[in-house]
Structures are given as C-alpha cells and as structure tokens.
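Trainee: Here is my input, please return the structure:
(2 chains)
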2 protein chains.
Amino acid sequence: METIGFIGTGNLGYPIAENILKAGYKLKVYNRTASKAKPLEALGAELVDSPQAAASKGGIVMSLVADDRAVEAINTDALLAALGEGGIHVSMSTISPDGARKMAEKCKAAGVHYVAAPVFARPNAAANKVGNAVISGDAGAKERIKPLLSAGFAKNIFDLGEDPGHANVLKLIGNFMIAASIELMSEAFTLAEKNGLEVKTVYEMLTSTLFASPIFRNYGGMILERQFAGNPSFDAALGLKDINLVLQTGRNTLTPLPMADLVHSRLTTVLAQGVKDADWLALATGAMKDAGLKI
Amino acid sequence: METIGFIGTGNLGYPIAENILKAGYKLKVYNRTASKAKPLEALGAELVDSPQAAASKGGIVMSLVADDRAVEAINTDALLAALGEGGIHVSMSTISPDGARKMAEKCKAAGVHYVAAPVFARPNAAANKVGNAVISGDAGAKERIKPLLSAGFAKNIFDLGEDPGHANVLKLIGNFMIAASIELMSEAFTLAEKNGLEVKTVYEMLTSTLFASPIFRNYGGMILERQFAGNPSFDAALGLKDINLVLQTGRNTLTPLPMADLVHSRLTTVLAQGVKDADWLALATGAMKDAGLKI
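Mentor: Next comes the predicted model:
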C-alpha cells in the first residue's frame, strides 16, 4: 500500500496516525517533539526528522498542527518540492479560511493540491473512527484522500466544494457552536441547581428529548462530571485560538457575533485565572463561578 | 369515561383538548373567547361559560393559558369550591415557579391538588402526541393525571418531584435553551452565508452529526425557510414573556445568565421593530439583520 507522510502527532494526530497504520498504509511520521511519535515506530512507522522527509514524489502528506503559523512552517518550498507535481497536502488543522487559501495558492504554484480537511472529533472519537470530516479543494485530490480520512478518523465526510477556505469556515462554525452550547448548558444547569432541582434529571430530560444530540449528551455529561482540568483532551488555549479565529472570520466579513463574543470572554477569563491543564470545556465554569457555585 | 374540565383552547390548548376528546374522555371546555372553542362541540365537548362550570366534585381540571395572571384568574375560590376535596388542577401553562407555588398553596387550603405540568411542544407536535411533559406536585395526583397527559400531547413524562415550582423551572430552562439555540444557529448560518458557503449544506452537516437533535433540526429548518412571521405557532410576545420569566427566576436566585440576557435583547428588538404576527423564531432575524442580510 501507498506510503503516506504524517506530520503532527499531538493529542488528536496520534490516534489518527495509529489508525492509518493499522489500516495497512506505510507511514513516514514527523513530529516537532519526536518523543511523542516514538510509540508509532513499534507499529511499523518510519520516523523522519523534517516535514519534507515525510513526503514522496506525487504522494500524500497529511498534517495536523496547532495553528496558521504551524501550518505555514510545514508548507515550505522544501516540502512542496519533495511532493512535486500531483502531490497532495491534506491540511487537517483548524486554521483561518484566509490562511488556508494562502497555503493553497502556494501549493498550486508547485503543482501540489492543497485539500482542507479539518477534523470534527475529540481524540477518543478519532480513535474510534466516529469523527466527521469536512473537506474542500480540488475535486480529484479530494477523491484520492477520502479513504485515508475514513481509515484515520471519519465516519462521515462532507464535501464543501472547491474553495479551500470553506471547510475551515464550517469547522470554525462548528467549534463556535460547541463552545456556545457549553455556555448554554452551563447557564441552564446553574439555574437548575440554584433553584433546587436535581441537575442530573434536568440533563437526562433535555438530552434525551429536545437536545438529544452528541454535543449536548457528551459535553453535558462532562459538565456534570466536572471534567474541566487535569487531563485535557482539547486544550483550552487551542479552544481560545479557535474562538479568536471565529471572531476574526466574522470581522473580515462584517458579521457581528455577540454569542461568540460571550464565549470568547468566558474562555479568556478561565485562562486568565490560571486554571492548570484546562480543557476548553472549562469555559463552563464561568457561569457556575459567577453564581457562587462550588466547582 | 371521566368528565374532564379543560380551560384555554389557544394555539396549543386546542389540539390537546381535541386529542383528549378523541381518546374518549368527556370534556367541559371553557375559553375566554368562546368562538375559539366552538369547533370542539362538534366532537362532543360541552362548552361552559366560566372556569368553575368546567369543574366536577373531586374531578380534574386542566388549564393552559398565557401567564401567571391568567392562571390566577382561573384558580379562583369558585373553581376550587367546585373541584372540592380530592380534586386536581393540572396547570399546563408556562408560568413562574413562585407563581406555581402560590397557586398550589391556595389549592391546598381547599383540599385540591395542584399539579404543574407545562407542555414542551409546538401545536403540531402536541397534535401528534410527540410532546414532552414535565410534572411536579403531589405523588398520587400525578399518577392520576398521567394518562390524560399521554392522551393529550405527551410522548414522554418526566417527574420532577413534589415542589410544584420545579416543573416550571425546567420548562423555563428548556425554553431558554431553545431561544439560545435559535440565536446560536442564526449567528452560525449568517457567518456561513457571509463567507459564501451553501447554508443548507452547513445545516445538513451540523444537524445530521454533532447537533442531530429535534431543536436544531426543526428550528434550524424553519430558519432556513424564513418562517418568521405571518402564521405564528408560538407568538413572539409569549416567547418574550418566557424569557422574562427565565431572567426573573435567575434574579430571584442570584444566577447571572448572560446568554439569556442576549436572547432577551434580540427578541425585544424584533418586537420593538413591529414585525407583524411574529413567531418567537423571529429572534433569528437579529443576527441576520445586523450583518446586513436580507430576510
């Protein structure tokens, strides 16, 4: 089977790389902190010491890193030369739509296709391949990478068309909606608790009927269990980066987003208060603390 | 079968009364505007000209009216005398928790049980008996009325315990969460549209995966279809009353609710701008108009 380049084995990248290996692909893996990728060697991966060393002529490189700057640091002339004509850079990071378009332009000049394929999944969901992918970019390149996304993490793949920025817009919208839902539930549960209701009953009623969706079930359950810090599967600082990108995307297109402003402020507060190892779910503590509840 | 009193045949009360009649109960119906109840006569209902005339000794009266004041106007000494020892007032209106407790106290003094049973359903869902009931009050009385709620509108019944205010707190929490979800989707869809995405694709992706719940599917679909005014199945003024009750319940228990403040402001704006026959879904127009979108 084809050799795939994989760059970025963080919380989310690691289980995806592992799934792809287990599906039978050969993998060349690069991670800035090499030790994090090390366990993949035992599964047959070859560890390389630069992004471009992960690339094969006309092949596919997948990357999953923190932000626009980190994708820029990967998407170098050296990487694109190593990929060459017909190669594909599958960028799974959550970055700005404009950043994605800029990256795509640079790829194009080298004959490389850039496909935006940001990941809707927490690490556990990715590991179990029940995540969702949204993709945009060149039609032929998208067809070629779909099996990889399915092997790596995606139960469903949604095609947003050719504009490489569009998949990122949808990913940002989704993350905004998740963050706003966390705030929403945290205000709702706080109101219940302050009025003497059994919060678990409130959660069960709402998430088994009107709000019976994965986000409300899963995040609602994590709020009940107070899984705010200690072992973050989605780092609060990365969450704040995403909400900043949402607001920036709104500003760039003259779109006021008062609810996004609110969750931005909540998450900023949590980070400013110095919660250690906060998951972005910790934004739920804002409404609770304001109402005098013990966390 | 037992004769039931039914008070209030508005948008939501009417289909519930009709369902109960069709289930084989005898019904004595009172509505302030008698003409609205008139069609129920053809189905066998007896129309009466006062709330107390709907009551039978030791029987059950169900009421569904606009607000605290309207429930107070029904829950009179005359009604309670007519119900008498062992009678039950099933109050299905969305009112304040404190109002419900006050009403329950008055009932108790007359030997009548007060059961709070606010309705989670738009008229269409009630007609199809796929609504949800949340109930609180005396245990024996709750058992006695459950078949009526099932016959009238409820697919599920959730028991919140003895405090007659608790069912209303949960109902207010639910309505707040619905309103906030409308604002949330409207900001999300607006951001999508302003960035050139196909909004229907965004809706389909989100509501078939992360947000696959009735509220997001149904209200999201209505936002896409621009069903904001003309033929309201839930009047915007009643929606604003509910959000006011949410904020009041928050104030009474020292619970800051910034997201509820936001939706309150949105809905107030819509009403202030004089949208005719607005559904409360019209709060979704706030984010769209602010971003310069045509409604």
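Trainee: interface residues of the stretch 51-200 of chain A facing chain B?
Mentor: Selection of the stretch 51-200 of chain A residues close to chain B by C-beta under 8 Å from any C-beta of the partner chain yields A:97, A:120, A:132, A:134, A:156, A:158, A:160-161, A:163, A:165-166, A:169-170, A:172-174, A:176-178, A:180-181, A:183-185, A:187-188, A:190-192, A:194-198. The way it works is simple: take the backbone N, C-alpha and C, and place the C-beta from them, glycine included.
Trainee: Can you show me the strands along the stretch 101-250 of chain A?
Mentor: Taking DSSP state E, counting those that start in this stretch to define them, one finds strands in the stretch 101-250 of chain A at A:113-116, A:119-120, A:131-135, A:154-159.
Trainee: Got the phi and psi for whichever residue of chain A sits closest to chain B?
Mentor: Closest to chain B within chain A is residue A:213: 3.6 Å, counting by C-beta to the nearest C-beta. When read as degrees, to the nearest 10, the backbone of residue A:213 gives phi -130, psi 160.
Trainee: what residue of chain A is the furthest out?
Mentor: residue A:196 (37.0 Å; C-alpha atoms, centre = their mean).
Trainee: Confirm residue A:28 sits in a strand?
Mentor: Yes - under DSSP: H, G, I helix; E, B strand; the rest coil, residue A:28 sits within a strand.
Trainee: ok, for it, nearest residue in space, not its chain neighbours?
Mentor: residue A:54 (4.3 Å; C-beta to C-beta, 6 or more residues apart in numbering or on different chains).
Trainee: List the contacts of that neighbour.
Mentor: A:5-7, A:28-30, A:48, A:61 (C-beta atoms under 8 Å, 6 or more residues apart in numbering or on different chains).
Trainee: And the helix or strand harbouring residue A:100, what's buried?
Mentor: Assigned by DSSP states H and E, residue A:100 belongs to helix A:97-109. Buried residues in helix A:97-109, defined by neighbour count with 16 or more other C-beta atoms under 10 Å in any protein chain shown: A:97, A:99-104, A:106-107.
Trainee: same thing with stretch A:20-28?
Mentor: A:20-21, A:25, A:27-28.
Trainee: what's the answer for stretch A:146-161, then?
Mentor: Those would be A:146, A:148-154, A:157-161, for stretch A:146-161 by 16+ other C-beta under 10 Å.
Trainee: my guess is residue A:46 contacts residue A:21, does it?
Mentor: No - using C-beta atoms under 8 Å, residue A:46 is not in contact with residue A:21; the gap is 10.6 Å.
Trainee: Now do the shared contacts for those two.
Mentor: With C-beta under 8 Å, 6+ apart as the test, residue A:46 and residue A:21 both reach residue A:27.
Trainee: Any figure for the gap between the residue farthest from the centre of chain A and residue B:23?
Mentor: 35 Å (C-beta to C-beta, to the nearest Å).
Trainee: Next up, phi/psi of residue A:160, please.
Mentor: According to degrees, to the nearest 10, residue A:160 has phi -100, psi 10.
Trainee: mind checking the backbone torsions on residue A:59?
Mentor: Taking degrees, to the nearest 10 as the convention, residue A:59 sits at phi -90, psi -160.
Trainee: How about it: what's its closest non-neighbour residue?
Mentor: In space, residue A:59 is closest to residue A:87, 5.8 Å off (C-beta to C-beta, 6+ apart).
Trainee: In contact with that neighbour, which residues?
Mentor: Neighbours of residue A:87 in contact, by C-beta under 8 Å, 6+ apart: A:55-61, A:80, A:111-113.
Trainee: Kindly write the ChimeraX command that selects the buried subset of those.
Mentor: Remark: buried members of those, expressed as a ChimeraX selection using 16+ other C-beta under 10 Å:
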select /A:55,56,59,60,61,80,112,113
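Trainee: from the contacts of residue A:87, which ones fall inside helices?
Mentor: The helices, defined by DSSP state H, take in residue A:80 from the contacts of residue A:87.
Trainee: Give me the contacts around the helix holding residue A:100.
Mentor: Under the contact criterion C-beta under 8 Å, 6+ apart, helix A:97-109 has outside partners A:68, A:71-72, A:75, A:80, A:89, A:91, A:113-114, A:116, A:137, A:163-169, A:172, A:249, A:252, B:195.
Trainee: ok, now stretch A:36-52?
Mentor: Under C-beta under 8 Å, 6+ apart, the answer for stretch A:36-52 is A:5-7, A:9-10, A:14, A:17-18, A:21-22, A:26-31, A:34, A:54, A:61, A:63, A:74, A:76, A:78-79, A:81-82.
Trainee: Which of the residues of the stretch 51-200 of chain A next to chain B fall in helices?
Mentor: A:97, A:166, A:169-170, A:172-174, A:176-178, A:180-181, A:183-185, A:187-188, A:190-192, A:194.
Trainee: that older thread, right, and out of the buried residues of stretch A:20-28, which lies closest to residue B:236?
Mentor: Here the nearest of the buried residues of stretch A:20-28 to residue B:236, counting by C-beta to C-beta, is residue A:20; it sits at 51.1 Å.
Trainee: Over the helix or strand hosting the closest one, what's the mean pLDDT, rounded is fine.
Mentor: Assessed by DSSP H and E, residue A:20 sits inside helix A:13-22. For helix A:13-22, mean pLDDT rounds to 98.
Trainee: what do you get for stretch A:91-105?
Mentor: 98.
Trainee: do the same with stretch A:217-225
Mentor: 97.
Trainee: What lies in contact with it?
Mentor: A:178, A:181-182, A:185-186, A:189, A:199-200, A:203, A:206-207, A:211, A:281, A:284.
Trainee: Quick one: those as JSON lines, columns for neighbour count and pLDDT too.
Mentor: Output for the contacts of stretch A:217-225, formatted as JSON lines (neighbours: other C-beta atoms under 10 Å in any protein chain shown; pLDDT from 0 to 100):
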{"residue": "A:178", "neighbour count": "21", "pLDDT": "98"}
{"residue": "A:181", "neighbour count": "24", "pLDDT": "98"}
{"residue": "A:182", "neighbour count": "27", "pLDDT": "98"}
{"residue": "A:185", "neighbour count": "27", "pLDDT": "98"}
{"residue": "A:186", "neighbour count": "26", "pLDDT": "98"}
{"residue": "A:189", "neighbour count": "24", "pLDDT": "98"}
{"residue": "A:199", "neighbour count": "16", "pLDDT": "98"}
{"residue": "A:200", "neighbour count": "12", "pLDDT": "97"}
{"residue": "A:203", "neighbour count": "21", "pLDDT": "98"}
{"residue": "A:206", "neighbour count": "28", "pLDDT": "98"}
{"residue": "A:207", "neighbour count": "21", "pLDDT": "98"}
{"residue": "A:211", "neighbour count": "26", "pLDDT": "98"}
{"residue": "A:281", "neighbour count": "27", "pLDDT": "96"}
{"residue": "A:284", "neighbour count": "29", "pLDDT": "97"}
